[in-house]
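Undergrad: I would like the atomic coordinates for the input below:
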Amino acid sequence: MLRLQQAAAVVLLLLATSNVAQSNNDKDLLTGHSMPLQNSLAHQFYALAGKYMGEANTTHLLLSGTSESSNRAYDDELCDRDVNRIREAIDNMEEWALEFPDSWGRLPMGFFWGHSISMGQHEECVAATNTYGNEIHGQYCLARLNITQFYSKVKRRHQEHTRIDYKYRDPETFDLGICIPSTCSAQKTDLLLKHAIRHFYGEDNVNLTDTLVHEKWCRYTAPIELRGVDIFAIIFFASIIVIMIASSIYDYVQTQKGNSKKPLYLAFSVLHNAPKIFTVKKVNNPNVIHCLNGLRCFSMMWVVFGHGYMTFYDLPHINRNRFYTWVQTPYSMLVQNASLCVDTFFFMSGLLMCWGAFREMDKTKGKLNIPMMYFHRYIRLTPVVAVVVLYIMSLYRYSGEGPMWFRLGTQDQKCADTWWATLLYVQNYAFPYSICVSQSWYLAVDTQLYVLSPLFLIPLYKWGKKALIPISIFLVLCLICTVFTFIHNDFTLFRVMDDHVDLRQRLTYYPTHTRMPTWLLGVIFGYFLFKYNRGRQIPMAKHWVIIGWVVALGTMLADLFGAYWRMLPDTPDSPLIEGALFEPLSRSSWACAIGWIIWACYNGHGGIINDFLSWSFFTGFSRLSYCMYVIHRIVQHVTAGRLQVDTHFSDYDMILRWWHDFGISLTLSIFATLAFEAPILGIEKAIFGRGDSKPAPKKVAPASEPVVEPVAAAAATTTAAELETEVPAISKAEDPSKA
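TA: Okay, the predicted model is just below:
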């Protein structure tokens, strides 16, 4: 059904045809007046523009001055002069002038497979210039051409459809890269381009009622004018680097002299902080759940993997319609259901929150210092987020250029009005459609759950199992709320099949109450693990262990692939109730399966799985996972936005892109951890005097009694446990994810 249609004459119009004059002599093709692409739209644009500008009653339609959308000045008279000079130089075969039409876009490969952009050569265009007399500089624009008139005439193939058609729509526009003098305004360029198109294809064959060229999609090389926020960002980042160097020198000098060191002066020392990230000490501590490191690391990898595929629609794939067959593959379910890794993080967050709070209340006889709890949480979580927000609002705009940057380099525009909501962790409710740091919705939800946590944790600590009844009722009510939200808004089983994805995200993905069931399951699990399992291993018959693993892994496979058959073309659409039940129940069942993995590994029933998840390599990596989460999406946006050539979509290509994104994000996360996260922990320790904790009792053999005395910080906290000698009332947020 979706065989992308035959774009007739106008497609060639938009795309600039590559007709050449015929010649029996190959030499004449390059040496005579019949040069390559002479009859293309790009060359004829300049030839026709000169005549058009000379016609009466033309120039009075154009006004010289300054653009309303920017401070860019333009002059129609200079534009006329420059266009004519380029036309004359093209006729004279001058190289600098030939670069202008040469850098235009042309008919792309894969147009019938959804490739709706012909970018041309952006770099060649903006570098095009003559160096004598009055200089002429190139300006690159991305013209948006309406092609609905052509697709309405396409005769569909009569054959069995192999592509899923629920999301397919005939393309409405085609983006064409054009190169014009920098003195020409977008308004004038729009008129000249329309004139060239009408001349080629006639008034009746084209739909030119819309504006083709917008100034926001035009760029030329111009001196960079730094704003106040840009200067502040440069000074800030430079100051941090200088402070890190000074602190490291202080650390080195004091070490060589054998003198004591002041903790505050060591806060930014790379020599002091780096070993705490990369040095791994295997400890036998009942408060350490080693397998959480592996779960966290694999979930973080899954986050980067899923977000990489999310950029699919924004990339200039020559085989864009490959998507409609790809979503029918079992492999695609790893992306379509990748949001399950969110529930892994929420479950671990609830578990560690309960664990940390109970340990604190053991020391304080059931009391929590709630104001200090919130304060420590905020100052530990916010610096990295604030730095990313600062970068987006300042230096982000200088991180890329080109035709794809017009589409993807707009993150700073979202931050202009919503940055404050990100720093207050209310963006999931305040601005769900324009979140500044897109993946930070998780931080908002987890912070809001953190604020609400005393309402659940204090009763659970004081009343024990009796408090589980109201908590469980509240959990079920949240699940029912999600079910009714699905039914009321007609949401489908899969997001890719939904026509209201943005509304669905706002009502069922971002809200705290829809995420609370998984988090509460983590709290309940943490309660039983802390009260009845901490410090000992509970024995279990081998056959029950096997059954537990089979059920847990089977549940996870069902959550991932159970609904796959609904994606197949011959399968009937799922009933509304199916999607309404699958969404909340798959999240909760996935969390329960994660709970089994943690319990089995903690109690010695994990075997090789526990050995792998508890591998010391994951410990160091998990200490970087928070910074990686906050940073990785920006890396993906910049990488995609800098593209100036066509791409090809395949799973192998996306895996290569994933390794690229992962490697750069990991490198930047190391710097962010050493420059911001670790120093904040050091400063907090120096100011609040949080000294080293007492040695922890060792984890004992199976069937031993639980250990109840207070112990050191758990190594499974989100950031480096060894950077935190003691955890405040409730552990820092778990790493987030979104796919």
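
Undergrad: Residue 320: neighbour count?
TA: Using other CB atoms under 10 Å, residue 320 is surrounded by 22 other residues. Yep, even glycine has a C-beta here, placed from its N, CA and C like the rest.

Undergrad: which ones are touching residue 179?
TA: 42, 99-101, 103-104, 120, 124-125, 128, 138-141 (CB atoms under 8 Å, 6 or more residues apart in numbering).

Undergrad: tell me which element it is part of?
TA: Using DSSP states H and E, residue 179 falls within strand 173-181.

Undergrad: any chance you could map the strands in the stretch 101-250 of the chain?
TA: Taking DSSP state E, counting those that start in this stretch as the test, the strands found in the stretch 101-250 of the chain are 117-118, 138-146, 173-181, 218-220.

Undergrad: Same question for the stretch 601-739 of the chain.
TA: Using DSSP E, counting those that start in this stretch, no strands are found in the stretch 601-739 of the chain.

Undergrad: which residues of it score low on pLDDT?
TA: Applying pLDDT under 70 to the stretch 601-739 of the chain picks out residues 689-739.

Undergrad: just the chain next, same as before
TA: Ranges of the chain meeting pLDDT under 70: 1-39, 50, 53-73, 131-133, 157-168, 201-207, 282-283, 689-739.

Undergrad: Quick check: phi and psi on residue 315?
TA: Backbone torsions of residue 315, given as degrees, to the nearest 10, read phi -90, psi 150.

Undergrad: So it is in contact with residue 641, correct?
TA: No: Residue 315 is not in contact with residue 641 according to CB atoms under 8 Å; the separation is 10.1 Å.

Undergrad: can you list residues touching both of those two?
TA: By CB under 8 Å, 6+ apart, the residues touching both residue 315 and residue 641 are residue 404.

Undergrad: so where do the helices sit in the stretch 551-700 of the chain?
TA: 576-602, 607-613, 616-622, 625-641, 651-672, 678-688 (DSSP state H, counting those that start in this stretch).

Undergrad: Those helices: which one's closest to residue 347?
TA: helix 576-602 (4.2 Å; CB to CB).

Undergrad: Could you list every helix and strand in contact with the closest one?
TA: helix 291-310, helix 340-364, helix 468-489, helix 512-532, helix 542-561, helix 607-613 (3 or more CB pairs under 8 Å, 6 or more residues apart in numbering; DSSP states H and E).

Undergrad: Residue 213: what's its closest spatial neighbour, skipping adjacent residues?
TA: residue 190 (4.2 Å; CB to CB, 6 or more residues apart in numbering).

Undergrad: on that earlier part again, between the helices of the stretch 551-700 of the chain, which one is closest to residue 374.
TA: Among the helices of the stretch 551-700 of the chain, if distance is taken as CB to CB, the winner is helix 678-688, at 13.9 Å.

Undergrad: How about that closest one, which residues are buried there?
TA: Counting neighbours by 16 or more other CB atoms under 10 Å, one finds that the buried residues in helix 678-688 are 678, 679, 680, 681, 682, 683, 684, 685.

Undergrad: how far out from the middle of the chain is that helix?
TA: On the basis of CA atoms, centre = their mean, to the nearest Å, helix 678-688 sits 30 Å off its chain's mean C-alpha point.

Undergrad: hmm, back to that, so which of residue 315 and residue 641 has more stuff around it?
TA: residue 641 (23 against 20).

Undergrad: residues contacting the residue lying closest to the more buried one once chain neighbours are set aside?
TA: Leaving out its chain neighbours, the residue that sits closest to residue 641 by CB to CB, 6+ apart is residue 408, at 3.7 Å. Counting by CB under 8 Å, 6+ apart, residue 408 touches 311, 314, 400, 637, 640, 641.

Undergrad: doesn't residue 397 make contact with the last one?
TA: Put plainly, it is residue 641. No: contact criterion CB under 8 Å: residue 641 and residue 397 do not qualify, at 10.5 Å.

Undergrad: can you put the helices of the stretch 551-700 of the chain in CSV and add distance to residue 378?
TA: Listed next are the helices of the stretch 551-700 of the chain as CSV, based on distance: least, CB to CB, whole Å:
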stretch, distance to residue 378
helix 576-602, 26
helix 607-613, 31
helix 616-622, 22
helix 625-641, 14
helix 651-672, 18
helix 678-688, 11
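
Undergrad: looking at the ones you listed, which is buried most?
TA: Stretch with highest mean neighbour count among these: helix 625-641 (a mean of 24; mean count of other CB atoms under 10 Å).

Undergrad: quick one, that helix and helix 340-364 angle?
TA: 150 degrees (axes from the mean of the first three to the mean of the last three CA atoms, to 10 degrees).

Undergrad: what packs against helix 625-641?
TA: helix 291-310, helix 370-393, helix 403-408, helix 651-672.

Undergrad: Domain map for this structure?
TA: 9-220, 282-544+579-587+614-723 (automatic domain parsing).

Undergrad: How far away from the center of its chain is the longest one?
TA: The chain centroid and the centroid of domain 282-544+579-587+614-723 are separated by 14 Å, computed with CA atoms, centre = their mean.

Undergrad: Over to stretch 544-553?
TA: With CA atoms, centre = their mean, you get 35 Å for stretch 544-553.

Undergrad: Please apply the same query to stretch 256-265.
TA: So, by CA atoms, centre = their mean, the centroid of stretch 256-265 is 41 Å from its chain's centroid.

Undergrad: Only the buried residues of that stretch, if you could.
TA: For stretch 256-265, by 16+ other CB under 10 Å, it's residue 265.

Undergrad: ends of it, how far apart?
TA: 16 Å (CA to CA, to the nearest Å).

Undergrad: what does that stretch rub up against?
TA: With CB under 8 Å, 6+ apart as the contact definition, stretch 256-265 has outside contacts at 247, 250, 251, 254, 255, 682, 683, 685, 686, 687.

Undergrad: and the two most separated of the residues you listed?
TA: 255 and 687 (23.2 Å).

Undergrad: follow-up on the earlier one: want to throw the strands of the stretch 101-250 of the chain into JSON lines with distance to residue 586?
TA: Formatted as JSON lines, these follow (distance: least, CB to CB, whole Å):
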{"stretch": "strand 117-118", "distance to residue 586": "36"}
{"stretch": "strand 138-146", "distance to residue 586": "40"}
{"stretch": "strand 173-181", "distance to residue 586": "37"}
{"stretch": "strand 218-220", "distance to residue 586": "45"}
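
Undergrad: out of these, nearest to residue 351?
TA: That would be, of those and by CB to CB, strand 117-118, which comes in at 46.6 Å.

Undergrad: neighbouring strands for the closest one, and are they parallel or not?
TA: strand 173-181 (parallel) (DSSP bridges).

Undergrad: and the angle from the strand it pairs with to strand 138-146?
TA: 150 degrees.

Undergrad: Can I get strand 173-181 in CSV? Just the C-alpha atoms.
TA: Extracted in CSV, the C-alpha atoms of strand 173-181 (Å, rounded to 0.1, in the frame of the first residue of the first chain):
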residue,chain,number,x,y,z
THR,A,173,6.5,18.9,1.4
PHE,A,174,9.9,18.4,-0.2
ASP,A,175,13.0,20.3,1.2
LEU,A,176,15.4,21.6,-1.4
GLY,A,177,18.7,23.2,-0.7
ILE,A,178,19.4,26.3,-2.7
CYS,A,179,22.3,28.7,-2.8
ILE,A,180,21.8,32.5,-3.3
PRO,A,181,23.8,35.7,-2.5
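
Undergrad: how far is it from where the chain is centred?
TA: That offset, for strand 173-181, works out to 28 Å (CA atoms, centre = their mean).

Undergrad: sorry, back to before: would TSV of the helices and strands packed on helix 625-641 with distance to residue 564 be doable?
TA: Shown next, in TSV, are the helices and strands packed on helix 625-641 (distance: least, CB to CB, whole Å):
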stretch	distance to residue 564
helix 291-310	17
helix 370-393	36
helix 403-408	31
helix 651-672	16
